[in-house]
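Participant: any chance you can model this:
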Amino acid sequence: MTQTTKNQGSKRPPTTSTSSKRGLPWWSWLAILLPIAALSAVVLAGMEDPEGTAVGSAAPEFDLLATDGSRYDLDSVLEDGDALLYFSMGPGCDGCFMQIMEAEDALASRGIKLVPIMVNPAVVVAGEAQRFGISTPILIDSDQEVSNAYGMIGIYGHQDRPSHSFALVDQNRQVTWVRHYAEMYVPAEQL
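Facilitator: Next up, the predicted model:
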């Protein structure tokens, strides 16, 4: 009798692991899904300032050239009210420029001035702004000194530029709100 004939006549079913038929126990799924849910909540809601300028602290000073050739410092952006400093990736991120167009009017109706800040060369930023029909001066932080002072570099994996981050500075020169977003566009009502 051959081996094949012997096995065919066997009454015992082949042995299999019970766990491979049932999959992972229910509690194992929690270990996988909870961190994913927590990360998703942070990404969707925006991340509060992890290690940058703390809410309630004095806003770091700056003096930057803008795409319109003017210079802007902290006093000049606050002269008419509170300012929302918008640190973004800049050229190459269409959502970053669309953000300026949508947020500017919505914030102005609340007495808040939008102040976009980008780290790219002024001529490149001005070209992109023109492409989108944006006349708002965009401040140029080419040495990233201001972006670093506000803690906007290194968020969401962008080691050489801001991602999509905001710092609200009030008339008292205090940082009153900071948020970082993984998305490159946030509807104005969420700001």
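Participant: so which residues of this protein form strands?
Facilitator: Assigned by DSSP state E, the chain shows strands spanning 47-48, 63-66, 71-73, 82-88, 112-118, 139-140, 164-169, 175-180.
Participant: how many neighbours does Ala66 have?
Facilitator: By the criterion of other C-beta atoms under 10 Å, Ala66 has 19 neighbours. Where C-beta positions appear, they are placed from N, C-alpha and C, glycine not excepted.
Participant: and of the strands of the chain, who's closest to Val186?
Facilitator: Comparing the strands of the chain by their distance to Val186 (C-beta to C-beta), the top pick is strand 164-169, with 7.0 Å.
Participant: that older thread, possible to save the strands of the chain as TSV with distance to Ala106 and mean pLDDT?
Facilitator: Listed next are these as TSV, based on distance: least, C-beta to C-beta, whole Å; pLDDT from 0 to 100:
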stretch	distance to Ala106	mean pLDDT
strand 47-48	21	44
strand 63-66	21	98
strand 71-73	21	98
strand 82-88	10	97
strand 112-118	9	97
strand 139-140	20	98
strand 164-169	13	95
strand 175-180	15	95
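Participant: Ala83 contacts Lys113, correct?
Facilitator: Yes - counting by C-beta atoms under 8 Å, Lys113 is a contact partner of Ala83 at 4.6 Å.
Participant: what do those two both touch?
Facilitator: Common neighbours of Ala83 and Lys113, using C-beta atoms under 8 Å, 6 or more residues apart in numbering, are Val77.
Participant: who has more neighbours out of the two?
Facilitator: Set Ala83 next to Lys113 and count neighbours by other C-beta under 10 Å: Ala83 wins out with 23 against 18.
Participant: ok, back up a step: out of the strands of the chain, nearest to Gln190?
Facilitator: For Gln190, the closest of the strands of the chain is strand 175-180, at 9.1 Å, according to C-beta to C-beta.
Participant: helices or strands up against that closest one?
Facilitator: With contacts taken as 3 or more C-beta pairs under 8 Å, 6 or more residues apart in numbering; DSSP states H and E, strand 175-180 sits against strand 47-48, strand 164-169.
Participant: and Leu65, which of these is closest to it?
Facilitator: Proximity to Leu65, assessed across these by C-beta to C-beta, is greatest for strand 164-169 (19.3 Å).
Participant: between strand 175-180 and that closest one, find me the angle.
Facilitator: 180 degrees (axes from the mean of the first three to the mean of the last three C-alpha atoms, to 10 degrees).
Participant: how about strand 164-169: buried residues?
Facilitator: His164, Ser165, Phe166, Ala167, Leu168, Val169 (16 or more other C-beta atoms under 10 Å).
Participant: ok, residues contacting stretch 116-128?
Facilitator: Contacts with stretch 116-128, where a contact means C-beta under 8 Å, 6+ apart, come from 64-67, 85-91, 96-97, 100, 136, 138-142, 144, 146-147, 160-162.
Participant: next, the buried residues of that stretch.
Facilitator: In terms of neighbour count (16+ other C-beta under 10 Å), stretch 116-128 has its buried residues at Pro116, Ile117, Met118, Val119, Asn120, Ala122, Val125, Ala126, Glu128.
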